[in-house]
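# A predicted structure for the sequence below; I have some questions about it.
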Amino acid sequence: EDQVTQSPEALRLQEGESSSLNCSYTVSGLRGLFWYRQDPGKGPEFLFTLYSAGEEKEKERLKATLTKKESFLHITAPKPEDSATYLCAVPSQAGTALIFGKGTTLSVSS
Amino acid sequence: ETGVTQTPRHLVMGMTNKKSLKCEQHLGHNAMYWYKQSAKKPLELMFVYNFKEQTENNSVPSRFSPECPNSSHLFLHLHTLQPEDSALYLCASSQDGQTNQPQHFGDGTRLSIL
(Lines give C-alpha, C1' and ligand atoms only; values in the text may rest on other atoms or scores of the structure.)
Protein backbone atom coordinates (compact mmCIF):
# COMPACT_ATOMS: atom_id res chain seq x y z
CA GLU A 1 0.00 0.00 0.00
CA ASP A 2 1.27 3.46 -0.91
CA GLN A 3 2.01 5.41 2.26
CA VAL A 4 3.54 8.73 3.27
CA THR A 5 4.49 9.28 6.90
CA GLN A 6 5.64 12.61 8.29
CA SER A 7 7.40 13.15 11.59
CA PRO A 8 7.27 14.71 14.01
CA GLU A 9 3.57 15.56 14.07
CA ALA A 10 4.36 18.86 15.78
CA LEU A 11 7.60 20.75 16.38
CA ARG A 12 8.24 23.78 18.55
CA LEU A 13 11.45 25.76 17.99
CA GLN A 14 12.97 28.92 19.29
CA GLU A 15 13.86 31.52 16.71
CA GLY A 16 17.27 30.62 15.27
CA GLU A 17 17.09 26.98 16.39
CA SER A 18 17.67 24.84 13.28
CA SER A 19 15.94 21.48 12.82
CA SER A 20 14.64 19.00 10.25
CA LEU A 21 11.27 17.55 9.30
CA ASN A 22 11.03 14.02 7.92
CA CYS A 23 8.87 12.50 5.18
CA SER A 24 9.17 8.76 4.56
CA TYR A 25 7.35 6.92 1.78
CA THR A 26 6.71 3.36 0.66
CA VAL A 27 5.91 3.96 -3.01
CA SER A 28 8.33 2.13 -5.28
CA GLY A 29 9.56 3.73 -8.46
CA LEU A 30 9.34 7.26 -7.11
CA ARG A 31 8.24 9.75 -9.75
CA GLY A 32 8.66 12.86 -7.65
CA LEU A 33 8.22 14.19 -4.14
CA PHE A 34 6.54 17.47 -3.33
CA TRP A 35 6.78 19.76 -0.31
CA TYR A 36 4.05 22.25 0.52
CA ARG A 37 3.52 24.85 3.21
CA GLN A 38 0.02 25.45 4.59
CA ASP A 39 -0.91 28.42 6.76
CA PRO A 40 -4.11 28.36 8.88
CA GLY A 41 -7.16 29.13 6.75
CA LYS A 42 -5.18 28.85 3.51
CA GLY A 43 -4.55 26.23 0.88
CA PRO A 44 -1.21 24.43 0.53
CA GLU A 45 1.48 26.54 -1.12
CA PHE A 46 3.91 24.68 -3.37
CA LEU A 47 7.55 24.80 -2.20
CA PHE A 48 9.69 22.16 -3.93
CA THR A 49 9.72 19.17 -6.24
CA LEU A 50 12.46 16.55 -5.91
CA TYR A 51 12.79 13.86 -8.56
CA SER A 52 15.82 11.72 -7.75
CA ALA A 53 17.86 10.54 -4.78
CA GLY A 54 20.60 12.99 -3.92
CA GLU A 55 18.72 15.98 -5.27
CA GLU A 56 18.53 19.11 -3.12
CA LYS A 57 16.47 22.29 -3.46
CA GLU A 58 16.73 25.50 -1.44
CA LYS A 59 14.49 28.47 -0.79
CA GLU A 60 15.47 31.06 1.79
CA ARG A 61 15.85 29.20 5.12
CA LEU A 62 14.48 25.92 3.74
CA LYS A 63 16.41 23.11 2.10
CA ALA A 64 14.80 19.88 0.91
CA THR A 65 16.78 16.69 0.33
CA LEU A 66 15.78 13.29 -1.02
CA THR A 67 16.99 9.72 -0.51
CA LYS A 68 15.52 6.47 -1.84
CA LYS A 69 13.29 6.11 1.22
CA GLU A 70 12.72 9.56 2.65
CA SER A 71 12.99 13.30 2.31
CA PHE A 72 14.06 15.91 4.81
CA LEU A 73 13.07 19.53 5.02
CA HIS A 74 15.86 21.34 6.83
CA ILE A 75 15.02 24.68 8.42
CA THR A 76 18.04 26.85 9.18
CA ALA A 77 17.74 29.65 11.75
CA PRO A 78 13.94 29.72 11.56
CA LYS A 79 11.90 32.85 12.16
CA PRO A 80 8.35 33.12 13.55
CA GLU A 81 7.02 33.63 10.02
CA ASP A 82 8.15 30.09 9.19
CA SER A 83 5.42 28.79 11.49
CA ALA A 84 3.03 26.68 9.39
CA THR A 85 2.09 23.11 8.60
CA TYR A 86 4.47 21.46 6.14
CA LEU A 87 3.05 18.74 3.91
CA CYS A 88 4.79 16.26 1.66
CA ALA A 89 3.24 14.22 -1.13
CA VAL A 90 4.28 11.58 -3.65
CA PRO A 91 2.54 10.16 -6.73
CA SER A 92 0.85 6.83 -6.13
CA GLN A 93 2.46 3.76 -7.68
CA ALA A 94 -0.38 3.67 -10.19
CA GLY A 95 0.41 7.28 -11.02
CA THR A 96 -3.20 8.37 -10.74
CA ALA A 97 -3.09 10.48 -7.57
CA LEU A 98 -0.89 12.28 -5.09
CA ILE A 99 -0.58 10.64 -1.68
CA PHE A 100 -0.23 13.22 1.08
CA GLY A 101 1.18 12.86 4.57
CA LYS A 102 -0.63 14.27 7.59
CA GLY A 103 1.89 17.08 7.88
CA THR A 104 4.21 18.55 10.50
CA THR A 105 2.99 21.64 12.32
CA LEU A 106 5.95 23.91 13.05
CA SER A 107 5.76 26.67 15.64
CA VAL A 108 8.66 29.12 15.92
CA SER A 109 8.68 31.49 18.87
CA SER A 110 10.76 34.64 19.26
CA GLU B 1 -6.53 37.64 -10.73
CA THR B 2 -3.81 35.05 -10.50
CA GLY B 3 -3.52 31.47 -9.26
CA VAL B 4 -6.48 29.41 -8.13
CA THR B 5 -9.56 31.14 -6.72
CA GLN B 6 -12.31 29.41 -4.76
CA THR B 7 -15.71 30.75 -3.76
CA PRO B 8 -17.32 30.95 -1.33
CA ARG B 9 -14.61 30.86 1.34
CA HIS B 10 -17.09 29.75 3.99
CA LEU B 11 -20.40 27.92 3.67
CA VAL B 12 -22.89 26.78 6.27
CA MET B 13 -25.72 24.61 5.05
CA GLY B 14 -28.38 22.29 6.36
CA MET B 15 -28.49 18.65 5.46
CA THR B 16 -31.34 19.18 2.99
CA ASN B 17 -29.87 22.17 1.16
CA LYS B 18 -28.30 22.25 -2.29
CA LYS B 19 -25.26 24.44 -2.86
CA SER B 20 -22.30 24.65 -5.21
CA LEU B 21 -18.61 25.37 -4.74
CA LYS B 22 -16.75 27.18 -7.50
CA CYS B 23 -13.11 27.07 -8.52
CA GLU B 24 -11.35 29.09 -11.20
CA GLN B 25 -7.70 28.85 -12.23
CA HIS B 26 -5.73 31.52 -14.08
CA LEU B 27 -2.58 29.44 -14.65
CA GLY B 28 -3.37 28.06 -18.09
CA HIS B 29 -3.47 24.52 -16.70
CA ASN B 30 -5.45 21.65 -18.17
CA ALA B 31 -6.05 19.48 -15.09
CA MET B 32 -8.17 20.35 -12.08
CA TYR B 33 -8.78 18.52 -8.80
CA TRP B 34 -11.09 18.48 -5.80
CA TYR B 35 -9.68 17.46 -2.41
CA LYS B 36 -11.24 17.11 1.03
CA GLN B 37 -9.17 18.11 4.07
CA SER B 38 -10.40 17.04 7.51
CA ALA B 39 -8.70 17.65 10.83
CA LYS B 40 -5.91 15.19 11.65
CA LYS B 41 -6.27 13.45 8.25
CA PRO B 42 -4.23 13.67 5.05
CA LEU B 43 -5.70 15.42 2.04
CA GLU B 44 -8.14 13.07 0.30
CA LEU B 45 -8.42 13.23 -3.46
CA MET B 46 -12.05 13.32 -4.62
CA PHE B 47 -12.12 14.00 -8.36
CA VAL B 48 -9.72 14.69 -11.21
CA TYR B 49 -10.52 16.37 -14.50
CA ASN B 50 -8.02 16.42 -17.34
CA PHE B 51 -8.86 18.47 -20.43
CA LYS B 52 -12.46 18.69 -19.11
CA GLU B 53 -12.84 14.91 -18.88
CA GLN B 54 -13.22 13.20 -15.51
CA THR B 55 -10.34 10.80 -15.10
CA GLU B 56 -10.63 9.92 -11.43
CA ASN B 57 -13.49 9.46 -8.99
CA ASN B 58 -12.08 8.28 -5.70
CA SER B 59 -15.20 6.42 -4.52
CA VAL B 60 -16.91 9.66 -3.60
CA PRO B 61 -20.58 9.47 -2.49
CA SER B 62 -23.08 10.61 -5.10
CA ARG B 63 -24.17 13.53 -2.90
CA PHE B 64 -21.05 15.22 -4.30
CA SER B 65 -21.37 15.97 -8.03
CA PRO B 66 -18.52 17.62 -9.92
CA GLU B 67 -18.80 19.65 -13.11
CA CYS B 68 -16.01 20.93 -15.34
CA PRO B 69 -17.36 23.10 -18.17
CA ASN B 70 -13.88 24.11 -19.38
CA SER B 71 -10.24 23.79 -18.33
CA SER B 72 -10.41 26.95 -16.20
CA HIS B 73 -13.53 26.27 -14.16
CA LEU B 74 -14.54 23.50 -11.77
CA PHE B 75 -17.65 23.16 -9.67
CA LEU B 76 -18.67 20.83 -6.86
CA HIS B 77 -22.43 20.52 -6.47
CA LEU B 78 -23.58 19.49 -3.01
CA HIS B 79 -26.91 17.99 -1.96
CA THR B 80 -28.23 16.11 1.05
CA LEU B 81 -24.90 16.25 2.84
CA GLN B 82 -24.11 14.61 6.17
CA PRO B 83 -22.43 16.15 9.24
CA GLU B 84 -19.25 14.16 8.51
CA ASP B 85 -18.94 16.09 5.25
CA SER B 86 -17.95 19.20 7.20
CA ALA B 87 -14.38 19.92 6.10
CA LEU B 88 -12.16 22.20 4.03
CA TYR B 89 -12.67 21.56 0.32
CA LEU B 90 -9.65 22.42 -1.77
CA CYS B 91 -9.37 22.87 -5.49
CA ALA B 92 -6.06 22.46 -7.30
CA SER B 93 -4.73 22.59 -10.84
CA SER B 94 -1.71 21.28 -12.69
CA GLN B 95 -0.34 21.50 -16.19
CA ASP B 96 -1.87 18.33 -17.65
CA GLY B 97 -2.72 15.80 -14.97
CA GLN B 98 0.61 14.03 -14.76
CA THR B 99 1.25 13.29 -11.08
CA ASN B 100 4.96 14.08 -11.38
CA GLN B 101 4.00 17.75 -11.78
CA PRO B 102 3.24 20.07 -8.87
CA GLN B 103 -0.35 20.94 -8.15
CA HIS B 104 -1.30 24.48 -7.19
CA PHE B 105 -4.06 24.97 -4.65
CA GLY B 106 -6.72 27.53 -3.89
CA ASP B 107 -7.46 28.62 -0.33
CA GLY B 108 -10.46 26.34 -0.04
CA THR B 109 -14.09 26.51 1.04
CA ARG B 110 -14.71 25.80 4.71
CA LEU B 111 -17.96 23.83 4.73
CA SER B 112 -20.06 23.30 7.84
CA ILE B 113 -23.10 21.02 7.78
CA LEU B 114 -25.70 21.68 10.44
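Here it is on my side, so go on.
# and the lowest-mean-pLDDT helix or strand in chain A, what other elements does it pack with?
Least confident helix or strand, chain A: strand A:98-100 with a mean of 94, by mean pLDDT, DSSP states H and E. If you count contacts as 3 or more CB pairs under 8 Å, 6 or more residues apart in numbering or on different chains; DSSP states H and E, strand A:98-100 packs onto strand A:84-91. (Glycine included, C-beta is placed from N, CA and C.)
# Output the set of residues of chain B in proximity to chain A.
B:4, B:6, B:40-43, B:45, B:48, B:55-56, B:58, B:90, B:92, B:98-108, B:110 (CB under 8 Å from any CB of the partner chain).
# before we move on, the earlier item: run through who's touching the least confident helix or strand of chain A.
Outside of strand A:98-100, the residues within contact range by CB atoms under 8 Å, 6 or more residues apart in numbering or on different chains are A:2-4, A:25, A:27, A:34, A:87-92, B:42-43, B:45, B:99, B:103.
# for stretch B:9-23, same thing?
Identification of contacts with stretch B:9-23 by CB under 8 Å, 6+ apart yields B:4-8, B:32, B:34, B:73-83, B:89, B:91, B:106-114.
# So, low pLDDT: which residues of chain B?
Within chain B, the ranges that satisfy pLDDT under 70 run B:1.
# Strands along that one, start to end?
Ranges of strands within chain B are B:4-7, B:10-13, B:18-25, B:31-37, B:44-50, B:53-57, B:64-70, B:73-79, B:87-94, B:104-105, B:109-113, based on DSSP state E.
# need the ones you listed in JSON lines with mean neighbour count and distance to residue A:76, can you?
JSON lines is the format used below for the strands of chain B (neighbours: other CB atoms under 10 Å in any protein chain shown; distance: least, CB to CB, whole Å):
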{"stretch": "strand B:4-7", "mean neighbour count": "18", "distance to residue A:76": "30"}
{"stretch": "strand B:10-13", "mean neighbour count": "14", "distance to residue A:76": "37"}
{"stretch": "strand B:18-25", "mean neighbour count": "19", "distance to residue A:76": "33"}
{"stretch": "strand B:31-37", "mean neighbour count": "24", "distance to residue A:76": "29"}
{"stretch": "strand B:44-50", "mean neighbour count": "21", "distance to residue A:76": "33"}
{"stretch": "strand B:53-57", "mean neighbour count": "12", "distance to residue A:76": "38"}
{"stretch": "strand B:64-70", "mean neighbour count": "15", "distance to residue A:76": "42"}
{"stretch": "strand B:73-79", "mean neighbour count": "19", "distance to residue A:76": "38"}
{"stretch": "strand B:87-94", "mean neighbour count": "24", "distance to residue A:76": "29"}
{"stretch": "strand B:104-105", "mean neighbour count": "23", "distance to residue A:76": "26"}
{"stretch": "strand B:109-113", "mean neighbour count": "18", "distance to residue A:76": "33"}
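# a markdown table please, covering those strands and showing distance to residue A:98.
Below are these laid out as a markdown table (distance: least, CB to CB, whole Å):
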| stretch | distance to residue A:98 |
| --- | --- |
| strand B:4-7 | 15 |
| strand B:10-13 | 25 |
| strand B:18-25 | 17 |
| strand B:31-37 | 9 |
| strand B:44-50 | 7 |
| strand B:53-57 | 11 |
| strand B:64-70 | 17 |
| strand B:73-79 | 17 |
| strand B:87-94 | 9 |
| strand B:104-105 | 11 |
| strand B:109-113 | 20 |
